[in-house]
Structures are given as structure tokens and as C-alpha cells.
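Asks: sharing a model that was predicted from the sequence below.
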Amino acid sequence: MSNYCYFNGQILPEDAIRFQINDLGILRSYSVFDYLRTYNFTPFRLSEYLTRFENSVKSIDLSLPISKEEITEKIDELLFWRADKTKEVGIRLLMTGGYSENGFNAPENPNFLIRIEDLRPKPDDYYEQGVKVITHEYQRELPEIKTTNYSRALIIQKAMEVKKAVDALYHLDGNISECTRNNFFLFKGNTLVTPKTNILRGITRKTVLELAASKFQIEERDIYLEELKEGTEAFKTGTNTLVLPVIQIDELKINKKQVGPNTKAMMQMFADFAHESTLKD
């Protein structure tokens, strides 16, 4: 059974989608995307994801071929036709630069895809026991938008595997930004600290900050590597990651490699909100 995609004005089975090899997304990584998921078979915070996607598209000097309202309608249609209606799904939005005759200049018509995808949740023991990340000096070129260029994240996969880590925490000259696909948070007692600049402003990150404000002190600011040793707990967030405890960074063990109570509280608060906010009357 095949899920369906929206591609340049048509609803098609995903195995019928074809990109030509002269697409600037393939040749030059001239493309942006976004990714959200459903809870209760309903897209979570769809309007905010669409706004972020539109901003990413504009940032690379492209424009959406249809309105956000029409995108919402197409997503609803794709969800109706999805292969397995008993499972939650991911929703990928992709805009590429289009087919270029000379391999560089962008044509007037970019390619726009909406794809329904199976979710690939993290193992349960990641949430129960926490995970290890390593630090890596790197700064994404366009950190505030979601380009498809994840070359560095792929290059360091082997280094992460060797060190038994599940992710890398980027920094530049010691100033922490984000993980390869997630935002990063550090607890210092009951104060929750997260980087403010040179990051993708994740929708899960935004939700966590909104929820945390009722229980903890919040600081959005620069965090430097040397400050990590002052952390009492840490976690990372993302659409598919949710709120995932981090109990080790390089050789630094956080909270004696135990998932802390504040992180557990945030995990539960986010899960409750995601569920309750997508319940239909």
C-alpha cells in the first residue's frame, strides 16, 4: 500500500513522484523543507509550521505556489487517503529550486511536494534512561531556516556511533547553538536555559518554552561549553524527538547519568499538551 503525495498541483501515489536530475535541490542543495506530525490523527500546530516553512521559502528567494489555506486543504486530503489510518504520521513539506537548464540559474517554477510519511519514533529506553551526545564545532550556514543540506550531520554519524552517542551538539568557538536536528536545553536547578541565536526556532522548542514558563525560570541566551558542567539536567527537542533527556555530553555526566525530575516534568507536560490540543470536539 502506498501513501499519497501532493506534487505540483496533483495528488499522486508516492511511488509515482519523479524529480529530474537537473533539479537545483539535487545539484546545489537549493531547497528547503519542514516536517510536522499528527497527534490524534490531527496535525500539531500546523499554522505555525506553515508560517515557518513560508519564511524558509522566502529566505531563499522563492515563493509558495499555493496559499497556506490551500496547503492545509491538501494535507487534509492526503491524510484522508493515507494508507494506514490507524497510525500517527509525519508530514513533510519540500520546496526545491526547480529544473535548471544550466545547472545554476533558478527557473520560474520551483517544485513543491507534500508527503505523508511513517513515523519512526525513538526507542523507549532513550526516554527512560536518557542519551549521550558529543560536541562538534560547526555552525549551520543558514541556521534559522530548514534547508535540506545536512551534509555535516551525515559526515559525523560514524564519530557518534564510535562514541556511542545518538547526536552531536554544535558550537562555534565554544558558543553552543543546537544539535544536528534538535534544539538544546539545560537546567540549572529550576532555571531552564536554551540558546537564543544561530538556531532553528523549533515549534517543539517554542511549545516547551510556553509550557515551562508556568513552572520554571526561563533564560534564552548564549550558553558556552564550560557552562555545561553547571547543568543539573539537559534535554533536546524536536518534532520526532519530542522531549528527550540528555544524560551525558562527551565525558561529562549530567545528574549522575540519571533522568532528572524537571526533565520528566517537561516530558509529561509536552505529551499532555500535544494530546489535549489535538483532540477534536
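Replies: Everything's here; your move.
Asks: pull stretch 68-80 out as CSV, backbone CA atoms only.
Replies: Provided in CSV are the C-alpha atoms of stretch 68-80 (Å, rounded to 0.1, in the frame of the first residue of the first chain):
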residue,chain,number,x,y,z
LYS,A,68,-1.2,28.3,3.2
GLU,A,69,-5.0,27.7,3.3
GLU,A,70,-4.7,25.6,0.2
ILE,A,71,-1.8,23.7,1.7
THR,A,72,-3.9,22.9,4.7
GLU,A,73,-6.7,21.6,2.4
LYS,A,74,-4.2,19.4,0.6
ILE,A,75,-2.8,18.0,3.8
ASP,A,76,-6.3,17.1,5.0
GLU,A,77,-6.9,15.3,1.7
LEU,A,78,-3.6,13.4,1.9
LEU,A,79,-4.4,12.4,5.5
PHE,A,80,-7.8,11.1,4.3
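Asks: what mean pLDDT does it have?
Replies: Averaging pLDDT along stretch 68-80 gives 96.
Asks: buried ones in it?
Replies: Within stretch 68-80, the residues that count as buried by 16 or more other C-beta atoms under 10 Å are I71, K74, I75, L78, L79. Every C-beta, even on glycine, is put in place using the N, C-alpha and C of the backbone.
Asks: repeat for stretch 52-64
Replies: Buried residues in stretch 52-64, counting neighbours by 16+ other C-beta under 10 Å, are found at R52, F53, E54, S56, V57, I60, L62, L64.
Asks: assess the claim that the last one and I71 are in contact.
Replies: It stands for L64. Yes: shown here, L64 and I71 form a contact pair, counting by C-beta atoms under 8 Å, at 7.4 Å.
Asks: make CSV out of the buried residues of stretch 68-80 and add distance to L209 and secondary structure.
Replies: Shown next, in CSV, are the buried residues of stretch 68-80 (distance: C-beta to C-beta, whole Å; DSSP: H, G, I helix; E, B strand; the rest coil):
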residue, distance to L209, secondary structure
I71, 26, helix
K74, 30, helix
I75, 26, helix
L78, 30, helix
L79, 28, helix
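Asks: out of these, what pair is the most spread apart?
Replies: Using C-beta to C-beta, the buried residues of stretch 68-80 span at most 12.6 Å, a distance reached by I71 and L79.
Asks: mean confidence (pLDDT) on stretch 187-202, please.
Replies: Per-residue pLDDT over stretch 187-202 has a mean of 97.
Asks: now M267: closest residue in space, sequence neighbours ignored.
Replies: Excluding the flanking residues, the one nearest M267 by C-beta to C-beta, 6 or more residues apart in numbering is V243, at 4.5 Å.
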